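Undergrad: Sequence first, predicted coordinates after that:
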Amino acid sequence: MSLGNSASPLGKVRGIGSGHHGGDHWLTERATSIALLLLGVWLLASLLFLPALDVRTLTEWLRAPSGGVPMVLFVITAFRHGLDGLKVVVDDYVHDEGNRFALNLILLFAAVGGGALALWALAKIIFGVNG
Amino acid sequence: MLVSILHRVAGSGLATVGLGILTWWLVALARGPEAYATVQQAAAHPLGLVVLIGLTWAFFQHLLSGIRHLVMDSGAGFELGVNKTFAVLTIIGAALLTAATWFWILGGRA
């Protein structure tokens, strides 16, 4: 459909591409990236400076709020950011709409399932009676 | 161009292998010393070491090129010279930080 030159700039672009929720996705990806910049450096530094990496030391570290809370935040943020990032890769390289939908759904399930498993493990470490 | 590809490769690796190992590590830790011993064995194996060093590199590369992307999102750093310098610095920085991290681990701990 040609709108000619008389159409307004908005009229020319309206309806020619998906608007959906790209803006939200883009912003979330950047917000989580800044959070992960802090949390990721914190996690690596913690692992490097802990006196040992055995069950006892790690459990003690995660049971203190200074270890457990940032770790919960890291898991949630990392899984969300990983999902958002992999979605961009899938959307860019998988051109068939059906395959793209299926792959994005698998990614969503994997990220939610993996994140839940990691959080369950953390809960067990933090609130468990053994160890 | 190269750094943009590295950003995606490193990010994809962190999201799949990295989060997989993180989850495995936490689950093993939750299950106790026997399960955790398996993780420790895998980490000490030469192949496990290669994976961990690879993840360390991916972490630093993605972190540094991620900062570059955030700066560029703000509209800065598009001048040809600045852009290229910044791109090269992320590669050099990631390599140096990975090397420093593993010198620290292998020199200080083992």
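TA: Nice, thanks for sending it over. Numbering: from 1, shown residues only, chains lettered A, B, ... in the order given.
Undergrad: Only C-alpha atoms from now on, for both contacts and neighbour counts.
TA: Fine.
Undergrad: Spit out the contact partners of B:Leu70.
TA: Counting by Cα atoms under 8 Å, 6 or more residues apart in numbering or on different chains, B:Leu70 makes contact with A:Arg30.
Undergrad: repeat that for 10 Å
TA: By Cα atoms under 10 Å, 6 or more residues apart in numbering or on different chains, the contact list for B:Leu70 reads A:Arg30, A:Ser33, A:Ile34, B:Leu64, B:Ala76.
Undergrad: Of those, select the buried ones using a PyMOL command.
TA: One line in PyMOL is enough to select the buried ones among the contacts of B:Leu70; burial here means 16 or more other Cα atoms under 10 Å in any protein chain shown:
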select buried, (chain A and resi 30+33) or (chain B and resi 64)
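Undergrad: Among the contacts of B:Leu70, which are located in helices?
TA: A:Arg30, A:Ser33, A:Ile34, B:Leu64 (DSSP state H).
Undergrad: Make sure A:Arg63 is actually in contact with A:Phe127.
TA: Yes - between A:Arg63 and A:Phe127 there is a contact at 7.7 Å, judged by Cα atoms under 10 Å.
Undergrad: quick one, which of these two is more surrounded?
TA: The neighbour count for A:Arg63 versus A:Phe127, taken as other Cα atoms under 10 Å in any protein chain shown, is higher for A:Arg63 (17 against 9).
Undergrad: Now the more buried one: closest residue in space that isn't a chain neighbour?
TA: A:Ile126 (4.8 Å; Cα to Cα, 6 or more residues apart in numbering or on different chains).
Undergrad: wait, doesn't the one you found sit right on A:Ser66?
TA: No - in this structure, A:Ile126 is not within contact of A:Ser66 by Cα under 10 Å, at 12.0 Å.
Undergrad: Neighbour count: the two, which is higher?
TA: A:Ile126 (20 against 10).
Undergrad: what sits against that one?
TA: A:Thr59, A:Glu60, A:Trp61, A:Leu62, A:Arg63, A:Ala64, A:Pro65, A:Gly67, A:Gly68, A:Val69, A:Trp120, B:Ala30.
Undergrad: Please report how far the last one lies from B:Ala43.
TA: For B:Ala30, the distance to B:Ala43 (Cα to Cα, to the nearest Å) stands at 17 Å.
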